[in-house]
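*Asks:* Sequence first, then the predicted structure:
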Amino acid sequence: MDDEDRRFSRGTPATERPTLKTIAYMTGLGITTVSRALKDAPDIGADTKERVRLVARQLGYQPNRAGVRLRTGKTNVIALVLGIEQELMGFTSQIVQGISEVLGGTQYHLVVTPHSFEKDPMVPIRYILDTGSADGVIISRIEPDDPRVKLMQERNLPFVTHGRTDMGIIHPYYDFDNEAYVYQAVERLVKRGRRRIALLAPQSRFSYHAHSRAGFERALSDFHATEVSMGRLTTETPLDELRSHSERLCRLPEPPDGIVSLSGSSTIALTAGIEATGLRLGTDVDIVAKQSAEFLNWIRPEILTVTEDVRYAGQELAKAVLARIDGVAADLLQTIGNPVWSHMGPKD
């Protein structure tokens, strides 16, 4: 009997941390049954699991992570390494929600590790590896030759990426098909009579920059449109700068009459710049935007939109990292999500 159980047998004060024995007492079940129910053991009935989880939630039960690690060598932690730049427009809350929905029925819990891509992105990965603080890792903002992927692969740490690499390493991933999205976006703009098209893409160091450019250039060729350059602007450019540049761009003798954007928040800045020149959205210029939440058309129904289901992405990432922990082959854990058009404008 451990110290916590001895304290319970003497009458545990209500302020002390609840244990497995506390839950066993409240449910009338054995400690072993309670433990296996919380671990989602297949030999425990669904009703019993639900009763145990309900009591555990009501008591505020949290497993003793240090004890679990000593007994099993596992932390029961999944680390989500997320750039602080991704907070805009609900990306973080949606991906966390999706991951949590999958982990909620398991022994694992999620720890979000925020960091800035302006600093060394290897720092959080090295920390997790050096401290053994997670059983699996989910990372985003993937680069074609991503050193984080190489290091985790070398150290045999289960992981999954939100995006694809191009470095000859077979690893689990979930990615959105940005190449298909941009290609389809240009096609729709051309069908609406647009010929001078600009692309607001991510920074060139990220994999999905190459994917979006590939779709853009292929579509320009196939549909006989021309590019109006955005210069150094990217989806990471501060919104006030995007607004100012959008206004300057639309005052050119031959401004773009179509824009493809890979960011919902950036689209708002682009729209403000366009309308500052007196041009009308949906009449003089069309914008196609990718968004992670269906909000753009609430305020501007003229915008053509594709919704990237980030919550679903979180669910798929969580499933993949758990499967990888269980030894499922990496090449069986690779998924690409297709564009789903949520709004194609008043003319369609």
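*Replies:* Now that the structure is in, tell me what you want to look at. Numbers count the residues shown, from 1 in each chain.
*Asks:* Which stretches in this structure count as helices?
*Replies:* Listed in chain order, the helices of the chain (DSSP state H) span 3-9, 20-27, 31-38, 46-59, 65-72, 91-103, 122-131, 147-154, 178-191, 207-223, 239-250, 264-276, 296-299, 310-325.
*Asks:* Out of the ones you listed, which gets nearest to residue 140?
*Replies:* Of all the helices of the chain, helix 91-103 sits nearest to residue 140, with 7.8 Å by CB to CB. Every residue, glycine included, has its C-beta placed from N, CA and C.
*Asks:* Quick one: closest of the helices of the chain to residue 334.
*Replies:* Judging the helices of the chain by CB to CB, what sits closest to residue 334 is helix 310-325, at 8.3 Å.
*Asks:* which residues touch residue 42?
*Replies:* Listed by CB atoms under 8 Å, 6 or more residues apart in numbering, the contact set of residue 42 is empty.
*Asks:* I'd like the distance between it and residue 36.
*Replies:* 9 Å (CB to CB, to the nearest Å).
*Asks:* picking that back up, adding mean neighbour count and mean pLDDT, write the helices of the chain out as a markdown table.
*Replies:* Below are the helices of the chain laid out as a markdown table (neighbours: other CB atoms under 10 Å; pLDDT from 0 to 100):
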| stretch | mean neighbour count | mean pLDDT |
| --- | --- | --- |
| helix 3-9 | 14 | 43 |
| helix 20-27 | 20 | 87 |
| helix 31-38 | 19 | 84 |
| helix 46-59 | 15 | 87 |
| helix 65-72 | 12 | 52 |
| helix 91-103 | 19 | 91 |
| helix 122-131 | 16 | 91 |
| helix 147-154 | 16 | 96 |
| helix 178-191 | 22 | 97 |
| helix 207-223 | 19 | 98 |
| helix 239-250 | 18 | 95 |
| helix 264-276 | 22 | 94 |
| helix 296-299 | 15 | 86 |
| helix 310-325 | 22 | 96 |
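*Asks:* Mind checking those helices for the one nearest to residue 115?
*Replies:* helix 122-131 (5.1 Å).
*Asks:* I'd like the helices of the chain as CSV, with distance to residue 160 appended.
*Replies:* Formatted as CSV, the helices of the chain follow (distance: least, CB to CB, whole Å):
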stretch, distance to residue 160
helix 3-9, 35
helix 20-27, 31
helix 31-38, 24
helix 46-59, 26
helix 65-72, 22
helix 91-103, 10
helix 122-131, 13
helix 147-154, 10
helix 178-191, 18
helix 207-223, 14
helix 239-250, 31
helix 264-276, 24
helix 296-299, 29
helix 310-325, 4
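*Asks:* so which of these gets nearest residue 341?
*Replies:* Nearest to residue 341, of all the helices of the chain, is helix 178-191, at 7.7 Å by CB to CB.
*Asks:* How far away from the center of its chain is that closest one?
*Replies:* 23 Å (CA atoms, centre = their mean, to the nearest Å).
*Asks:* okay, which residue is most central for the chain?
*Replies:* residue 95 (4.5 Å; CA atoms, centre = their mean).
*Asks:* So what's the residue count around the closest residue to residue 241 other than its chain neighbours?
*Replies:* Of all residues not flanking residue 241 in the chain, residue 233 sits nearest, at 7.4 Å (CB to CB, 6 or more residues apart in numbering). Close neighbours of residue 233, defined as other CB atoms under 10 Å, add up to 20.
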